[in-house]
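S.K.: below: sequence and its predicted model.
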Amino acid sequence: MPELNFVVETAETIPYAVSPMLEFKLRIENGIVEERVESIALRTQIQIEATRRRYSNREQERLLDLFGEADRWSQTLRGMLWTILNTNVPAFSGSILTSLPTPCSFDFNVAVTKYFYALEDGEIPLTLMFSGTIFYRTEADGLQIAQVPWAKEASFRLPVRAWKEMMDAYYPNTAWLCLEREVFDRLYQYKMQQGLPTWEQALEMLLPTGTTAAQGGTGGIRRRG
């Protein structure tokens, strides 16, 4: 039975996809070199280890919606499930460098998006946990099937910069805001009645004087649903 080890080497933006995607480069090594792995139906669970990094005062303020006041973080700060991926790894002997394409949401109703957006710099500690089915071949027994042990995992520290650059590539100087249709219709009606050409101007008219964005740039509203 193959003895697999997993190492995440890099994470890069996938350009020109339909929606924002990061690509994790995953190195898989088989400790039993003479066994040829025909394929792996790999299942990957990515967990954000939010307790394993420090947060600036500004980041703590921006994470209020997720974890509450900073003095309660000893009780409220916790890890979060990012996503679950299913990947088919092709045949290899010894080792292989494969890709884990990872969809990323810019929907601010999603906790992971709120978390990533709140961070200013540094790294995001991740744990990738693996399971799935291995199809391998031996000279003595031919094609065999085994399970990826549940204990198999890999750690990776994703630069905050990588996530921000990816979102800037897909949504330059904009942000998504998902509204209920009734609220959207009211905002749309207000925009038309006031003769305002952009959503930004409609919101600026409604926001209190002196309100500033938590992060530089102007957010664009796009209707969804």
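M.R.: Structure's in. What do you need? Numbering: from 1, shown residues only.

S.K.: what's around L81, how many residues?
M.R.: Here the number of neighbours of L81 (other Cβ atoms under 10 Å) works out to 11. Any C-beta I mention is one placed from the backbone N, CA and C, and that applies to glycine too.

S.K.: tell me how far it lies from Y115.
M.R.: Distance of L81 to Y115, computed by Cβ to Cβ, to the nearest Å: 12 Å.

S.K.: do E9 as well
M.R.: On the measure of Cβ to Cβ, E9 and Y115 end up 24 Å apart.

S.K.: the two: which has the busier surroundings?
M.R.: Between E9 and Y115, Y115 has the larger neighbour count (other Cβ under 10 Å), namely 21 against 11.

S.K.: pLDDT score assigned to that one?
M.R.: As predicted, Y115 sits at a pLDDT of 96.

S.K.: A helix includes it, no?
M.R.: Yes: secondary structure assignment (DSSP: H, G, I helix; E, B strand; the rest coil) places Y115 inside a helix.

S.K.: wait, it touches A50, no?
M.R.: Yes: counting by Cβ atoms under 8 Å, Y115 sits close enough to A50 to count as a contact (6.9 Å).

S.K.: joint contacts of the two?
M.R.: M80 (Cβ atoms under 8 Å, 6 or more residues apart in numbering).

S.K.: tell me, what's touching L81 and Y115 both at once?
M.R.: With contacts taken as Cβ under 8 Å, 6+ apart, L81 and Y115 have I48 as neighbours in common.

S.K.: ranges for the helices of the protein?
M.R.: Taking DSSP state H as the criterion, the chain contains helices spanning 57-62, 64-67, 73-76, 111-118, 160-170, 181-194, 199-206.

S.K.: okay, those in CSV with distance to F92 next?
M.R.: Putting these into CSV (distance: least, Cβ to Cβ, whole Å) gives the following:
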stretch, distance to F92
helix 57-62, 41
helix 64-67, 40
helix 73-76, 43
helix 111-118, 31
helix 160-170, 27
helix 181-194, 49
helix 199-206, 50
